[in-house]
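Q: Below is the sequence, then the predicted model.
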Amino acid sequence: MENSSKGPQGGLLARMWHKALAVSIFWKITLMLAICLTGYVSSGLLSFSALGRISHRLERLEDAEAPLIKVVHDISKELQSLETIIRSIDSSRSRELNVALIKRSEKELDAIRGLLEPLENGGIADSPMDADSLAITPFKERGTGVAFDLSIWNEMAELKQDLKEFKVLMSSDSDPNPQRIDTLRLRINGHLLAMERIMSAVSLGISQEKRGVVADILGNIKNYKIKVTVLVGIIMLFLTLTSYAWGWLLVSPLRRLATILQEIMKASGEDSSCSSIKLVPVFGEDEIGKVAIATNNLIQRIRKLCAFRRVIEGDETADDIYMRLAKVFREELGLHSFVIFEVGPEGERLDLLYSYPKELGSEIPDICPAERCRAVRTGSIVSSQGQPGICQVFPWPDALTHTCIPMQVGGEILGVIQFIYPFVDNPRREAGLVNTLSEANQYLVEALPVLKAKRLAQTLQEMAMKDPLTCLHNRRYLENYLDTLVAGVRRRGSSMGILMCDIDYFKQVNDEFGHDTGDLILANLAKILGSHVRDSDLVIRFGGEEFLVLLIDCELDEAITTAERIRRSVEETVFRIGTTQLKKTISIGISEFPGDSDAIWQAIKFADVALYRAKEKGRNQVLRFTRDMWQGMDY
């Protein structure tokens, strides 16, 4: 149950992670910048919030304390003014003046009462100093209201009573009692002094309360500072880790790609070194993921090319390599129409080696000389895509398009591969075709050095197994391939006629006319021999003026007839050397394999024995080997 519950969650997380990795690098960087910006904005908002709270507390302090302090200050001023007025009252002055001063004192006392009532109950106080209206918080709500109310109002009541009495005394018609006036004056001054002390105490209390509030604000500032510092630190740490994670997601695949590319550069091209290159892990479908996929495709292609080269290096002949190339073009690249040409000896023509499909070859015209081919002439890729009619020898310029890739290595053109396809008018299909032809060209590039090496080896082998004078195979060729010929004859249950031929009196030609004349006669004789045998037969220059003719799947009577035709043809031939005309004859000994011997070399020896018996009998004749000609042991 536990595994089943975690499975869907794990799958969901994996899908979410895969989708996150699939986001393009642009949006990843944008998201990272957005997270950083959010962190910075959050830090700024936290700081501004803390500063706003502190400012709000200070404003509240200012709103609560400033009006109160001002009212207390105004009351103190009123008390001082009242004290000054009381001192101005004197019995020596006129009665009217003293009464006016007392009335003024009563007004001042009423003004003080108007300021004291808002202190007790809160509300609006009109400051007598500057006529400002001040909103005041009730003083009794600040912790000292009870004591303040009792003392100040008692003093106010007694002061008012004393002022009334003082007013009566000063306004009577009879002379006031000086002693009573002094007593009242002292009492009034005492009340004023008491009220001043109360207001001083109030002012001191307000100052102490303000200091407490300020201390509380400072404490809050310290707490806010710690909190903001911690929060900003956490945000910065988160941003740092997030930036590192995003950076790792970007840099790690790039490092892996760099390592893989270095391995590709160091690869020697051998199959083992190519297969050792590891594929790049693909973690997403963003730009880096696409580069990783492209790199993996490149690695896979390199592995295929290395494996292909390893295989063709083991092929025996150049034709085997051409067949393998054709197979790659058909089966791996899906190219359905192509022709492989090879430049003939001395570049006189382009020989058709392979065509797919086969019937395509019958419609390809002969290209002679090879220079008629634009790809051979220029050594560059030729395409009729967008340039119809660029090739003068292409047979279907109005119906099909072609691309010719020259097989060029070391400045030498070995041949041409022509890819044929319908007209392409779709950009997407055209891009796909270009990629396919590019990959085909890569296979061709891998094959060209091996092809050249195989052709060179084949040329050297042919030079070693061919007589340069007569262009016939020599005795070394016979030694290498005779067993194959014999195996074929035995497998088919047939026979092989063996003709050993020698020009009569050939030494006289060399002595009288020189070796150049002798070489010319040998070359002409080789042509005569070749003209009287089938393509399946074999003519060998056996040595000196001796020639061996092997008639494959030929009965003895037919072999004798062929030998006689050759003898007559040589006898009738006139060899012209400058102004000199020569006629020569030839002697031929015949044996049969396996009729005369089931050992091929013994059968050849029997033909040689018959040849020399023909010379002994007068030359210019064909002589069949008989057993009485050989008295020795087995060959």
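A: Done, it's in.
Q: Walk me through the domains of this structure.
A: The chain is divided into the following domains under automatic domain parsing: 54-227, 314-465, 473-629.
Q: Just the element for the residue most central in space within the chain, please.
A: Centroid check for the chain by Cα atoms, centre = their mean gives residue 291 as the closest residue, at 1.8 Å. For residue 291, the host element (DSSP states H and E) is helix 287-313.
Q: same deal with residue 279?
A: Using DSSP H and E, residue 279 sits within no helix or strand.
Q: State the pLDDT value of the nearest residue to it once chain neighbours are set aside.
A: Spatially, and ignoring its direct neighbours in sequence, residue 279 is nearest to residue 296 (4.9 Å; Cβ to Cβ, 6 or more residues apart in numbering). For the C-beta atoms, the positions are set from N, CA and C on the backbone; glycine is no exception. For residue 296, the pLDDT comes out at 79.
Q: which residues touch residue 296?
A: 279, 280, 282 (Cβ atoms under 8 Å, 6 or more residues apart in numbering).
Q: Just name the shakiest helix or strand of this structure by mean pLDDT.
A: helix 271-275 (a mean of 57; mean pLDDT, DSSP states H and E).
Q: Report the distance from stretch 534-544 to the chain centre.
A: 62 Å (Cα atoms, centre = their mean, to the nearest Å).
Q: what is the mean pLDDT for that stretch?
A: Stretch 534-544 comes out at a mean pLDDT of 91.
Q: contact partners of that stretch?
A: 467, 469-470, 472-475, 477-478, 485, 500, 506, 522, 526, 529-530, 533, 547-554.
Q: Please list only the buried members of these.
A: 467, 470, 472-475, 477-478, 485, 500, 506, 522, 526, 529, 533, 547-554 (16 or more other Cβ atoms under 10 Å).
Q: and residue 539, how many residues sit next to it?
A: 19 (other Cβ atoms under 10 Å).
Q: Make sure I have this right: it is in a strand.
A: Yes: Residue 539: assigned to a strand according to DSSP: H, G, I helix; E, B strand; the rest coil.
Q: What distance do you get for it to residue 169?
A: 175 Å (Cβ to Cβ, to the nearest Å).
Q: same deal with residue 79?
A: 23 Å.
Q: Now for residue 222, how many residues are close by?
A: For residue 222, using other Cβ under 10 Å, the count is 10.
Q: So it: helix, strand or coil?
A: Classified using three-state DSSP, residue 222 is helix.
Q: likewise residue 331?
A: helix.
Q: pLDDT at it, what is it?
A: pLDDT, read off for residue 331, is 88.
Q: ditto for residue 90
A: pLDDT, read off for residue 90, is 68.
Q: again, but for residue 301
A: 81.
Q: tell me the average confidence for stretch 587-607?
A: pLDDT averaged over stretch 587-607 gives 93.
Q: Return the set of buried residues in that stretch.
A: 587-594, 596-597, 600, 602-607.
Q: Same check on stretch 291-300?
A: Those would be 292, 295, 296, 299, for stretch 291-300 by 16+ other Cβ under 10 Å.
Q: Let me have these in JSON lines, extended by distance to residue 105.
A: Listed next are the buried residues of stretch 291-300 as JSON lines, based on distance: Cβ to Cβ, whole Å:
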{"residue": "292", "distance to residue 105": "100"}
{"residue": "295", "distance to residue 105": "104"}
{"residue": "296", "distance to residue 105": "106"}
{"residue": "299", "distance to residue 105": "110"}
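Q: Pick out the most distant pair among those residues.
A: 292 and 299 (10.3 Å; Cβ to Cβ).
Q: so what sits against both of the two?
A: Shared contacts of residue 292 and residue 299, counting by Cβ under 8 Å, 6+ apart, come down to residue 280.
Q: what phi and what psi does the backbone show at residue 533?
A: phi -120, psi 170 (degrees, to the nearest 10).
Q: Against residue 329, how distant is it?
A: Residue 533 is 38 Å from residue 329, by Cβ to Cβ.
Q: what does residue 418 give?
A: In terms of Cβ to Cβ, residue 418 sits 11 Å off from residue 329.
Q: Tell me who's in contact with the nearest residue to residue 282 once chain neighbours are set aside.
A: Spatial nearest neighbour of residue 282, chain neighbours left out: residue 292 (4.7 Å); criterion: Cβ to Cβ, 6+ apart. Residues counted as contacts of residue 292 (Cβ under 8 Å, 6+ apart) are 253, 256, 257, 280, 281, 282, 283.
Q: thinking again about what came up before, narrow the buried residues of stretch 587-607 to those in strands?
A: Of these, the ones assigned to strands by DSSP state E are 587, 588, 589, 590, 591, 592, 593.
Q: Dump those to TSV, plus distance to residue 572.
A: Listed next are those as TSV, based on distance: Cβ to Cβ, whole Å:
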residue	distance to residue 572
587	16
588	15
589	21
590	20
591	26
592	27
593	30
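Q: For stretch 172-185, what does the pLDDT average out to?
A: Here the average pLDDT along stretch 172-185 is 73.
Q: which other residues reach that stretch?
A: 86, 89, 91, 162, 165, 166, 169, 170.
Q: The second one touches residue 98, doesn't it?
A: Yes: counting by Cβ atoms under 8 Å, residue 98 is a contact partner of residue 89 at 5.1 Å.
Q: shared neighbours, those two?
A: residue 170.
Q: quick one: strands adjacent to the host helix or strand of residue 582?
A: Counting by DSSP H and E, the element that carries residue 582 is strand 580-583. Counting by DSSP bridges, the strands paired with strand 580-583 are strand 574-577 (antiparallel).
Q: Helices along the stretch 301-450 of the chain, start to end?
A: All helices of the stretch 301-450 of the chain, identified by DSSP state H, counting those that start in this stretch, fall at 318-327, 374-378, 427-465.
Q: Tell me which of those lies nearest to residue 354.
A: When those are compared (using Cβ to Cβ), the closest one is helix 318-327, at 5.2 Å.
Q: who touches the closest one?
A: 308, 311-312, 315, 338, 340, 342, 353-354, 356, 417, 443-444, 447, 450-451, 454-455, 458.
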